[in-house]
Every structure is written in C-alpha cells, then in structure tokens.
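Trainee: give me coordinates for this.
(chains A, B, C and D)
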2 protein chains.
Amino acid sequence: MFLSKSFGYALRGILYIAVMQDEQRKVQIDEIATKLSVPKHFLGKIMQQIVKAGLLKSTKGPYGGFSLAAETLNTPVIQLVEITDGMEQFSMCVLNFKYCNGLNPCPLHYEMEAARINYLNIFSKKTFGDLLNDSKSGILKSLAAN
Amino acid sequence: MFLSKSFGYALRGILYIAVMQDEQRKVQIDEIATKLSVPKHFLGKIMQQIVKAGLLKSTKGPYGGFSLAAETLNTPVIQLVEITDGMEQFSMCVLNFKYCNGLNPCPLHYEMEAARINYLNIFSKKTFGDLLNDSKSGILKSLAAN
DNA sequence: TGATTAAAGGACATTAGGCTCTTATATATG
DNA sequence: CATATATAAGAGCCTAATGTCCTTTAATCA
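Mentor: So this is what the prediction gives:
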C-alpha cells in the first residue's frame, strides 16, 4: 500500500473527534481507540505528532482530551499525509533512481508522474470537512467498520 | 512509496537482460548486480520468483544465466507487480477498513478508486517491450543510474 | 495540598521487508 | 568421472514500521 497504517488511524481519529466533540466535550484517546478498534497507545503517539503539527489541540487532566484546531475542517488532507508519511513518496522514483527527472527519466518516469499528480490532487483538494460532508449519514459506522 | 524495492530491482534486471542478451549469451546475476548497483543475493531471490512465474528462463552451469521467456516483451508490467508486490494494494482500503466498497464506502473510497484504476491502467497497458522502446537511446545509462 | 484523570514521553517487543552468507545442486567440459 | 562454474535454496542478520508498557507531567477538583 502507499499510505501507512498511521495515516489511516490518524484520519479515522480526526474524523471521529470532529463528529463527537462539542463546546464542552473533548474526546479521550481511550474512547477513540475502543470505538474504532485501533491500538490505543500507538494511536496516542500519532495524535501527539498531530497536536505538534497543529491540527489537533489537547489538554491533560480531568475533562481533558483532544479537539480539533480552529482551521482543521478547512485543511486539505494532504497535510495529514505529510505528518504521518512525508512527501518524499511523491517525488521518489519507482525504480529507486536517485536522479530521475524529466531530463534523465527512468523508463516509467512520465507514467508515474501522471499517477502521482493524480493522487496528490485528491489529497490536496479534499479537506477534512469535505470528507465529513461526503459521508454525512453513515460516518460513524463507516469509521468503526473493520 | 507505491512499489517495493524488489519491484524496482526486478524491472531493472529484466530490462538489462533484454538489452544484453543475444542468441548465444545469457546474462549472469553477478553482472546484473554489478552494473545496476543492486544487492546481488537479494536480486537472486527475486529472479528466482520471476523464473517460477515464467517471465524469465534460467540455466545453471557454465554459460548459464538468465534470459527472457519468449513472450516477456509483450507482457504487461502489471504481471511483475503481481509477482513482487501482489495485487492486494489495488483493492485495499486506505483507511484499513476490511469491508470498504461501493455499498459501504469509507470517506475516501470513490476518490481512491478512481486513482487506483488510473494507476492500474498504466501497468496493465505498458509492456516490457514498450518500456524498452520508449527509452531507446539512453536505456543502459538510465538503468544504471542511481 | 493531595487525589484523580488524561496526555506526553521513554523504553522496549514484535513483525515484515530488505539484505548477506553459506551450503546444496545442476551442468558443461576436459 | 571429476572439476569448475553458476544457479537454487535456506538460515540468519539489520532496519524501520508497528504495537505495548510503564513512568512522568499537567490539569482539575475536592
């Protein structure tokens, strides 16, 4: 696959928080992990990264937990790919050539470039908010399903 | 990355053989590994798989080595993807849902499906022969470059 | 202030892919 | 047949991703 498990867990986590949070309520890692059947401690680490990157806020102590940052719903999903997987994959050559580009292309260079741009576009245009709206009704069932 | 290192090594190896072999001459693993700067023993394992799958022929002993099977140049590259990486990646959900499909889609299902088909098409249409022709002149330099 | 709660962080276990090395085993040729 | 050559096959190592555990830090409330 071309995205890590971390990415999948993180996206599901973020969308779950988006659905469940309200003014008073923050969402705890325990709840997310249980509801989404995701390894709790591992998810915790990933959430930390995302907090550092600014897409989530977190507070400790009673009634603490995670919530979305103000702009997160308007943020393209590519930012999460960047956090969990990095952007290298979108420029790396399939054949593992260090120097593969338009001037010095590998035998699959142009084909792959097209496919990569295609993928990149998906993640650059879709925001977290879009994903929520697209699957309004069944979102919770969808996130939990596995 | 989208594809394993094994795939990259294997494709480069196959194309190298295509260029270097002739009626009498088979190409040895040692030569391929040296010229392409690829780990020799690891490449050996991958070549084995490819022989089993029928895209290459191998003979042991003096003047032995690898050569292309009769139909290999007319074979789409997807067959190599299948051998080295498997086809699962084309049906697996990005979010790691076991059951993600048109009826029960994850929030990225339709977008990813379109991109995957696009990607699949690249490898299903291009044959090894096409790749050779596309990069006629600089093919050897191209394969070695890394 | 002390007890409780939840995230942060360090340290370690597990697994899979990538890679190396050694020992068979098959073949051609003298 | 014996020997040299070259692939086949299998055991084992290394590293990075994944996953677990335990301690520390911070926030809240009694």
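
Trainee: is the helix-or-strand element of chain A with minimal mean pLDDT up against chain B anywhere?
Mentor: When the helices and strands of chain A are scored by mean pLDDT, DSSP states H and E, helix A:139-144 comes last with a mean of 79. Yes. Under the criterion of C-beta under 8 Å from any C-beta of the partner chain, chain B is reached by helix A:139-144 at A:139, A:142, A:143. Where C-beta positions appear, they are placed from N, C-alpha and C, glycine not excepted.

Trainee: quick one: which of those has the most company?
Mentor: Highest neighbour count within the residues of helix A:139-144 next to chain B, by other C-beta atoms under 10 Å in any protein chain shown: residue A:143, with 25 neighbours.

Trainee: ok, the residue nearest to it when sequence neighbours are not counted - contacts?
Mentor: Leaving aside its sequence neighbours, residue A:143 sits nearest to residue A:12 (C-beta to C-beta, 6 or more residues apart in numbering or on different chains; 4.9 Å). Neighbour list for residue A:12: A:36, A:38, A:143, B:95 [criterion: C-beta atoms under 8 Å, 6 or more residues apart in numbering or on different chains].

Trainee: now do the phi/psi pair for the second one.
Mentor: To tie it back to what came earlier, the one meant is residue A:38. Backbone dihedrals for residue A:38, given as degrees, to the nearest 10, come out at phi -120, psi 140.

Trainee: hang on, it packs against residue A:32?
Mentor: Yes. Taking contacts as C-beta atoms under 8 Å, residue A:38 lies within contact range of residue A:32: 7.0 Å.

Trainee: alpha carbons of stretch A:130-142, as PDB, please.
Mentor: Output of stretch A:130-142 as PDB, limited to C-alpha atoms (Å, rounded to 0.1, in the frame of the first residue of the first chain):
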ATOM      1  CA  ASP A 130     -15.300  17.600   2.800                       C
ATOM      2  CA  LEU A 131     -14.900  14.100   4.000                       C
ATOM      3  CA  LEU A 132     -17.300  14.600   6.800                       C
ATOM      4  CA  ASN A 133     -19.900  16.000   4.500                       C
ATOM      5  CA  ASP A 134     -19.500  13.500   1.800                       C
ATOM      6  CA  SER A 135     -20.400  10.700   4.100                       C
ATOM      7  CA  LYS A 136     -22.700  12.500   6.400                       C
ATOM      8  CA  SER A 137     -25.100   9.900   7.400                       C
ATOM      9  CA  GLY A 138     -23.100   6.800   7.900                       C
ATOM     10  CA  ILE A 139     -19.800   8.400   9.000                       C
ATOM     11  CA  LEU A 140     -19.700   6.800  12.400                       C
ATOM     12  CA  LYS A 141     -20.500   3.300  11.200                       C
ATOM     13  CA  SER A 142     -18.000   3.900   8.400                       C
END
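
Trainee: how about the residues of helix A:139-144 next to chain B in a markdown table, adding distance to residue B:57?
Mentor: Listed next are these as a markdown table, based on distance: C-beta to C-beta, whole Å:
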| residue | distance to residue B:57 |
| --- | --- |
| A:139 | 53 |
| A:142 | 49 |
| A:143 | 50 |
